[in-house]
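> A structural model of the following input is requested.
(3 chains)
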Amino acid sequence: MALTMERLGVWIGAALTFAIYSFLYKDNPVYKIAEQIFVGISAGYWFIYTIFNILKPNLYTPLTSDFGNNTLLVLPAILGIFMLCRLVPKINWVSRYAISVVVGTTAGLALIRTLQSDVITQMSETIMNPFSGPNAAVILGKWILIIGTTTGIIYFFFSKKHTGAFGATAKLGIVFLMISFGAAFGYTVMARISLLIGRLQYLLGEWLGIIQP
Amino acid sequence: MSFFEKLMKIDRRIIFLLIFIGVAVPLIVALNFTLEITQPVRKVYSLVEDADDGAYILLSFDYGPSTKPEIQPMAIAVLKHAFERDYKVVCSALWPMGVLMCSEAIESVKEEYPNIEYGVDYVNLGYKAGGLVTINHMGKNMRETFPTDAANNPISEIPIMDNIKNLTNFDFIVGFSSGSPGLKQWVQVAHDAYGVPVAGGSTAVQVPSLSPYLNRENQLEGLLGGLKGAAEYEKLIASPGTAVKGMDAQSIAHLLIIIFITIGNIGYFVTGKYKQKRL
Amino acid sequence: MKRQFPLVITFVVGMLVIVSQFIPHQPFGHLSDTLESWFLIISGFAILLGQLNLLKVNIIKIHRKVRNWQYYIVCVVSFVVMITIGILWGTQDQPGLLGQGSALVSFFGRKPFDYIFKHFFENLSATMFSLLAFFMASASYRAFRARNLESSLLLISAVLVMLGRTTIGTWLTGWIPEDLTYLHIPQIANFIMKYLQKTGQRAIMICAGLGIVGSSLRIILGIERSYLGGK
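Here you go, the predicted model:
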């Protein structure tokens, strides 16, 4: 029976794939139904996994098995319930206490980590000797990294009008940014095509059996 | 109406059909194009290959089925490489769907490595929310973040976790990421705050934004970018899988899109539309 | 009390986390450690809030019979079914209220929750995102134009990366002699990725990073309060 159900599952998967692809022809009820199934199942999955993987092992089990050593966990439990009060208009203001803990923690940590990883380290990585390198390509690359990053940052500085020498530098920054966006576009195409390949591997392999899955 | 004017007004569904055929045909008829290995992929391979015997590694499954075709082949390839080298593999997930992605990846590897034992050679710790903050907490106290594995077994009863107190007990971390939280957060915390080597695999979309981390400081040791990165890794470990099989289709689809861009631009200039825009 | 106290909490918590990064000793280290474990639990509730809010919004839409309201019934039913089978028979790794559901496992080949995930969700999710491949192809044909210098650079860079990052690049320029490898398309793509595109991404990363630092400071200092909602 399990094999039959597995095969049925593959057919369901293929049917749902075509239901979504029917949108390529035009918007239609079959697509809308598939879309809503997707949203509903996705939300249900998150809900269950949050309970089984977070609230049960990190809150419920410690509180029920060893309350004495985990008394403090009552506080995040209360804050969590406050968070859910967001759904009740009359008392939704209590959720602000929980939100402020989450936002404060994230802001504090993001500030330090971003400053170190994305600002200071990136700046120090741009400061290099542009005259040394094993070959001409590396030396050219170093010059590009220094000039491109600096002019790119200047482009994003909007507190000063982009005119004169400053404007010309910002314009050079745009050139490097455009090349970056081009590469990003190339990679985005690659990503989307990969997903289509995955779908067709499923349809041609698992469903039709034309190719080896 | 000239030929190019007609071409410019072509129904978009014809383009959809062409791209569908362009991807489907090379999947059925293999073209076997050659594949070049790039440096970021080679560096991930070296990181995994050169670790000490019995190394403890953390694999983070931060993606879901939406990007499975790109990332699952990487995860499978790295798992195979790790089990080949007899490493101890600890899996976790910052995305809820990552838990089942991990289970599926391990299931597919088990056919090749039937002797790997749960709790001894590998463990699936399951999903935790919180991204950056949770990784930071793992850096201090892994057992408090993961008191149990995905199956609710206490961490103290899992042999592989005996030597793991925090992130610094891992030889390296490989994150498989399709967004946030993901590889960026692993770099920011695990490498930059705790000094643990971090490598990873990401969707092709993320590659440009992660590329600044590939630097002299090795914030990111190496990167498998999209299906191509996965295919390169499969080639390096001599175990071709779905990524290698998909590369012909990827190449033809790219060629098709370049042809679309070229025709679109020829039409743009031939039909004089570029003049209209400037007026 | 309703607005000022949360602002105080944000300030205290934010400062505590910042200080603990520089002074990881007691009491800061322990306090921030405790806060982080609380964060995980509260985040769990926040996720539940999101899903319950989705349910509430959909039920309101059905109740008010907004346009296409029938489709929202499908969403609610899918959500409720997923939760019900998850709670009753659990997931792949964990039992539910009714245990492991062995009879259902032998019928479906896996637990009902996992069956729906595998055959419904995986396919819907992967297909939904793969739709973008078609729209991207169409957009490339209709909108990707060399209108000026900037867009031409964007186009050239995109084409070189698309060729260089697939096997086509090797196929097209593989015949080029060794001493002219810099004309090899994969090599050009490598150069673009290693230097040219990295400059733009690094500039964006530094500027966005400064933006995050600024926003975080505004939040901690109570200047930015929109996250509290309301008036």
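> what about the helices in chain A?
A:2-21, A:29-50, A:61-65, A:74-84, A:95-114, A:121-126, A:136-155, A:164-201 (DSSP state H).
> scratch that, the stretch 101-250 of chain B is what I was asking about
B:131-140, B:142-145, B:183-186, B:207-210, B:226-236, B:242-270 (DSSP state H, counting those that start in this stretch).
> What of chain C?
According to DSSP H, the helices that chain C contains are C:4-22, C:28-63, C:69-89, C:102-108, C:112-116, C:122-143, C:149-164, C:167-173, C:185-191, C:197-220.
> just those: most buried one?
Ranked by mean neighbour count, the helices of chain C are led by helix C:112-116 with a mean of 24 (mean count of other CB atoms under 10 Å in any protein chain shown). (Each C-beta comes from the backbone N, C-alpha and C, glycine too.)
> Could you count how many residues lie near residue A:115?
Residue A:115: 17 surrounding residues under other CB atoms under 10 Å in any protein chain shown.
> okay, now the domains of the chain?
I'll assume chain A. Here the domain assignment for chain A is A:1-65, A:73-127, A:129-213, based on automatic domain parsing.
> um, chain C though
Split by automatic domain parsing, chain C gives C:1-66, C:78-142.
> With distance to residue A:50 and mean pLDDT added, can I get those domains in CSV?
Below are the domains of chain C laid out as CSV (distance: least, CB to CB, whole Å; pLDDT from 0 to 100):
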stretch, distance to residue A:50, mean pLDDT
domain C:1-66, 5, 94
domain C:78-142, 11, 95
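> possible to save these as JSON lines with distance to chain B?
Listed next are those as JSON lines, based on distance: least, CB to the nearest CB, whole Å:
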{"stretch": "domain C:1-66", "distance to chain B": "4"}
{"stretch": "domain C:78-142", "distance to chain B": "4"}
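> Give me the distance between the residue in chain A that chain B sits nearest to and residue A:204.
When scored by CB to the nearest CB, chain A has residue A:198 as its residue closest to chain B, at 2.3 Å. With distances taken as CB to CB, to the nearest Å, residue A:198 is found 11 Å from residue A:204.
> CSV for the helices of chain C, including distance to chain A?
What follows is the helices of chain C, written out as CSV (distance: least, CB to the nearest CB, whole Å):
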stretch, distance to chain A
helix C:4-22, 3
helix C:28-63, 3
helix C:69-89, 3
helix C:102-108, 5
helix C:112-116, 6
helix C:122-143, 4
helix C:149-164, 3
helix C:167-173, 11
helix C:185-191, 7
helix C:197-220, 3
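> want to throw the ones you listed into a markdown table with distance to residue B:190?
Formatted as a markdown table, the helices of chain C follow (distance: least, CB to CB, whole Å):
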| stretch | distance to residue B:190 |
| --- | --- |
| helix C:4-22 | 15 |
| helix C:28-63 | 15 |
| helix C:69-89 | 31 |
| helix C:102-108 | 37 |
| helix C:112-116 | 30 |
| helix C:122-143 | 28 |
| helix C:149-164 | 29 |
| helix C:167-173 | 34 |
| helix C:185-191 | 27 |
| helix C:197-220 | 18 |
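> Next, the contact list for the nearest residue to residue A:162 once chain neighbours are set aside, please.
Of all residues not flanking residue A:162 in the chain, residue A:170 sits nearest, at 4.6 Å (CB to CB, 6 or more residues apart in numbering or on different chains). Neighbouring residues of residue A:170 by CB atoms under 8 Å, 6 or more residues apart in numbering or on different chains: A:151, A:154-155, A:157, A:162.
> before we move on, back to that, of residue A:198 and residue A:204, who's got more company?
Neighbours were counted for residue A:198 and for residue A:204 using other CB under 10 Å; residue A:198 has more, 25 against 17.
> For residue B:240, see how far away residue B:101 is.
Applying CB to CB to residue B:101 and residue B:240 gives a distance of 21 Å.
> go on, residue B:247?
Residue B:247 is 10 Å from residue B:240, by CB to CB.
> ok, the two, which is more surrounded?
Comparing residue B:247 with residue B:240 by other CB under 10 Å, the one with more neighbours is residue B:247, at 29 against 15.
> quick one: contacts for the closest residue to residue A:139 other than its chain neighbours?
Distance criterion CB to CB, 6+ apart; nearest residue to residue A:139, sequence neighbours excluded, is residue A:133 at 4.1 Å. Applying CB under 8 Å, 6+ apart to residue A:133 gives the contacts A:139, A:141-142.
> and with 10 Å instead?
The contact partners of residue A:133, taken as CB atoms under 10 Å, 6 or more residues apart in numbering or on different chains, are A:139-143.
> phi, psi of it?
phi 170, psi 150 (degrees, to the nearest 10).
> Now residue B:164, what are its backbone angles?
Dihedral angles for residue B:164 - degrees, to the nearest 10 - are phi -100, psi 110.
> Identify the residue nearest it in space, chain neighbours excluded?
residue B:142 (5.5 Å).
> Pretty sure that neighbour sits against residue B:160.
No - contact between residue B:142 and residue B:160 fails when scored by CB atoms under 10 Å: they sit 11.9 Å apart.
> Got the domain ranges for chain B?
Split by automatic domain parsing, chain B gives B:3-30+B:249-278, B:39-240.
> can you give me the mean pLDDT across the last one?
Domain B:39-240 shows an average pLDDT of 97 in the prediction.
> Distance check, the residue of chain C found nearest chain B against residue B:255.
The minimum distance from chain C to chain B, using CB to the nearest CB, falls at residue C:167 (3.2 Å). Distance of residue C:167 to residue B:255, computed by CB to CB: 10 Å.
> what does residue A:138 give?
Distance from residue A:138 to residue B:255, by CB to CB: 31 Å.
> higher neighbour count, those two?
residue B:255 (17 against 14).
> what sits against that one?
Neighbours of residue B:255 in contact, by CB under 10 Å, 6+ apart: B:22, C:162-163, C:166, C:168, C:171-172.
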